[in-house]
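Enquirer: no sequence for this one, just the structure:
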């Protein structure tokens, strides 16, 4: 299966999960689909596992995805800044 088909299928799955109580906004889905495919596709969309995976891989997430997560209130800008400062000290 080529990557375009996989991305379309994954997007469909992410979109279908929008009816869950902890649904992720469309903007976050669009901004983070590449990060999900790269780092967290072993977890079901919207699951606690995918949330943990995103936190674990936070430093690898795209700026677009992080910005969407901040805008959606799923992570605070202060947490992003704190983690970035911690990485710079290493």
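Expert: Right, received. Where do you want to start? Every value quoted in this text rests on a predicted model; they were computed, and no experiment measured them.

Enquirer: What segments of this structure are helices?
Expert: Remark: helices assigned in the chain by DSSP state H are 3-16, 26-35, 48-56, 63-71, 77-89.

Enquirer: And these: which comes nearest residue 41?
Expert: For residue 41, the closest of the helices of the chain is helix 3-16, at 6.8 Å, according to CB to CB. Yep, even glycine has a C-beta here, placed from its N, CA and C like the rest.

Enquirer: and residue 65, what does it touch?
Expert: By CB atoms under 8 Å, 6 or more residues apart in numbering, the residues touching residue 65 are 28, 31, 32, 34, 35.

Enquirer: Quick one: neighbours of the nearest residue to it once chain neighbours are set aside, just the number.
Expert: Spatial nearest neighbour of residue 65, excluding adjacent residues (CB to CB, 6 or more residues apart in numbering): residue 32 at 4.0 Å. For residue 32, the count of nearby residues is 25 (other CB atoms under 10 Å).
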